[in-house]
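Asks: sequence-free structure coming up:
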């Protein structure tokens, strides 16, 4: 690979002159600059991005760290991030896995947006202590270089349980989320608090992991125990869809025998039959706001922690218990 030294040698100029020419500096005459650029093209010179970012102390790239890429959840979220970053001249790379964590200390990115419960809080604090700018979407961390943009998980879970109870349901299951997930923990704690306010609720939790197979497994268990109509709160829509898939192979009717509500209002829920009741918020807005906050941190501007509000989307998947 050709280097600046190679160009300087062939052009008969100093390395600094080549650097000025490649960066469009007016310190070099048009004639000399044209000559240097022609030689660079002839030698197939490619600028060293790492060296250039070290000198300028910026890459114009933001890292988005996710637990995984599975499911239908991330599309709109990433679109919101990308649109906001592109409007400000930044690009993004999406990362998953421990090896990518080094992008932060090696300054291969200008900042990080984190929605990855495998990324430890201790590690994030160390990066923030070193001056790196970070927005977290999945935990509460207090640090001048860290901003929080979180979902109103507690409100959403409370809305879901209250909706089931208002419909007359007194036998309720909750399909939980993955261990270590902030969103899952917030939601299940709110569920327990909500059902705890009623003495006549029969409540049971089934293990889940935010993926369809967990919903299928939960549906199988519910059918095994079935004696009367029940209501189920799946802590995300993916598991609710998995439950739909399993129940479609049985005699049990959603909205009559088994009443289901999810969380996230992913696009697929619009096409479910019956329409899945769920908790709605804008994934695109959540992503966009997170990107806005990170850009403010990078520019050393004030940015307050923010919560993304949620609303209930009723659906025929939850009927009145008297209609069951």
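Replies: Sure thing, it's come through. Note that this is a predicted model, so its numbers are computed, not measured.
Asks: In the protein, where is pLDDT below threshold?
Replies: Along the chain, segments meeting pLDDT under 70 span 1, 48-57, 70-72, 322-324.
Asks: try it again with 80
Replies: 1-2, 46-57, 69-73, 322-324 (pLDDT under 80).
Asks: show me where it has helices.
Replies: Ranges of helices in the chain, per DSSP state H, are 4-11, 15-22, 30-42, 49-56, 74-87, 121-129, 153-166, 182-195, 212-225, 237-247, 283-298.
Asks: looking at these, which is buried most?
Replies: Compared across the helices of the chain, helix 237-247 shows the largest average neighbour count, a mean of 25 (mean count of other Cβ atoms under 10 Å). Glycine gets a C-beta too; all of them are placed from N, C-alpha and C.
Asks: Contacts for that one next, please.
Replies: Applying Cβ atoms under 8 Å, 6 or more residues apart in numbering, the external contacts of helix 237-247 come out as 71-73, 175, 208, 210-220, 223, 232, 234, 254, 258, 260-266, 268-269, 272, 276, 278, 317.
Asks: again, only this time at 6 Å
Replies: Among residues not part of helix 237-247, those counted as contacts by Cβ atoms under 6 Å, 6 or more residues apart in numbering are 71, 175, 208, 210-212, 214-216, 219, 234, 254, 260, 262, 264, 266, 269, 276, 278.
Asks: for it, the distance to its chain's centre please.
Replies: 21 Å (Cα atoms, centre = their mean, to the nearest Å).
Asks: Could you do stretch 218-233 as well?
Replies: 31 Å.
Asks: Quick one: end-to-end length of it, please.
Replies: 11 Å (Cα to Cα, to the nearest Å).
Asks: Show me what the residue nearest in space to the middle of the chain bridges to in the sheet.
Replies: Nearest to the mean C-alpha position of the chain, by Cα atoms, centre = their mean, lies residue 115 at 4.7 Å. Beta bridges link residue 115 to residue 66, judged by DSSP bridges.
Asks: ok, now which ones touch it?
Replies: Residue 115 neighbours (Cβ under 6 Å, 6+ apart): 66, 137, 138.
Asks: Give me the distance between it and residue 151.
Replies: From residue 115 across to residue 151, the span is 10 Å (Cβ to Cβ, to the nearest Å).
Asks: Equivalent analysis for residue 88, please.
Replies: Distance from residue 88 to residue 151, by Cβ to Cβ: 24 Å.
Asks: ok, the two, which is more surrounded?
Replies: residue 151 (23 against 13; other Cβ atoms under 10 Å).
Asks: my guess is the more buried one meets residue 306, correct?
Replies: No - using Cβ atoms under 6 Å, residue 151 is not in contact with residue 306; the gap is 10.4 Å.
Asks: list the contacts for the closest residue to residue 186 other than its chain neighbours?
Replies: In this structure, residue 186 finds its nearest non-sequential neighbour in residue 153, 3.6 Å apart by Cβ to Cβ, 6 or more residues apart in numbering. The contact partners of residue 153, by Cβ under 6 Å, 6+ apart, come to 183, 186, 187.
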